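Peer 1: My questions are about this predicted structure, shown below with the sequence.
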Amino acid sequence: MKEIETQIKECLPRLKRHIFFKVSDSYEAEEILQETLIASHESFPFFKGKSSFFTWLCAIANHEIADFYRKKKIKTFLFSRLPWLENLVSEALGPEQELLKKEFEQEIRKTLLSLCEGYREVLRLKYYQGLKVIEIAKSLNESTKAIESRLGRARKAFAEAFVANSS
């Protein structure tokens with residue numbers, strides 16, 4: 001393991017520049033750098049030397065950058081698809097991370113409470129009670145087009161509020 005540590009020390013300034021060039025936020029870049037270093041330690045036994053060590057590290061960093069942004073964007077995606085939110089969260093977190101799940105649910109509740117009553121109501125009827133748009137329209141005495149429109153605006157507002165509260 002001394003070999004990898006020596007090589008990483010030699011490449012670290014260049015690797016850091018590589019990541020910071022691709023990621024503008026310094027906190028996020030530092031997180032990605034740490035993930036890259038961990039992944040490189042885990043993957044070192046598979047390094048065949050077909051490329052330079054630095055190129056290999058940059059490839060790992062590029063994968064970590066892509067993973068970071070994929071995870072960041074998934075929040076917006078999840079909330080545009082709220083019917084499956086509970087299943088996805090429970091599968092992704094697993095039973096050993098129940099505390100994280102509860103914190104996540106609290107963030108959802110807090111975000112819902114930050115929305116106006118009209119948006120909260122249609123989101124609750126659609127995703128918590130499982131009503132169809134036509135059923136919501138009948139219960140609220142409005143047209144289905146009006147409910148579809150409000151639901152779209154509510155989902156967008158929820159996603160934006162959640163991301164704003166999380167960052």
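Peer 2: Ah, there it is.

Peer 1: so which strand or helix has the nearest residue in space to D67 that is not next to it in sequence?
Peer 2: Leaving aside its sequence neighbours, D67 sits nearest to E35 (C-beta to C-beta, 6 or more residues apart in numbering; 7.7 Å). For the C-beta atoms, the positions are set from N, CA and C on the backbone; glycine is no exception. Here E35 sits within helix 26-43, counting by DSSP states H and E.

Peer 1: what's that helix in contact with?
Peer 2: Taking C-beta atoms under 8 Å, 6 or more residues apart in numbering as the criterion, the residues outside helix 26-43 that touch it are 1, 4, 8, 15-16, 19-20, 22-23, 56-57, 60-61, 63-65, 67-68.

Peer 1: Selection in ChimeraX covering whichever of those are buried, please.
Peer 2: In ChimeraX, this line selects whichever of the contacts of helix 26-43 come out buried by 16 or more other C-beta atoms under 10 Å:
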select :4,8,15,19,20,23,56,57,60,61,64,65,68
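
Peer 1: From the contacts of helix 26-43, which land in helices?
Peer 2: 4, 8, 15-16, 19-20, 22, 56-57, 60-61, 63-65, 67-68 (DSSP state H).

Peer 1: so where's the protein shaky on pLDDT?
Peer 2: Counting by pLDDT under 70, the chain has low-confidence residues at 1-2, 72-101, 166-167.
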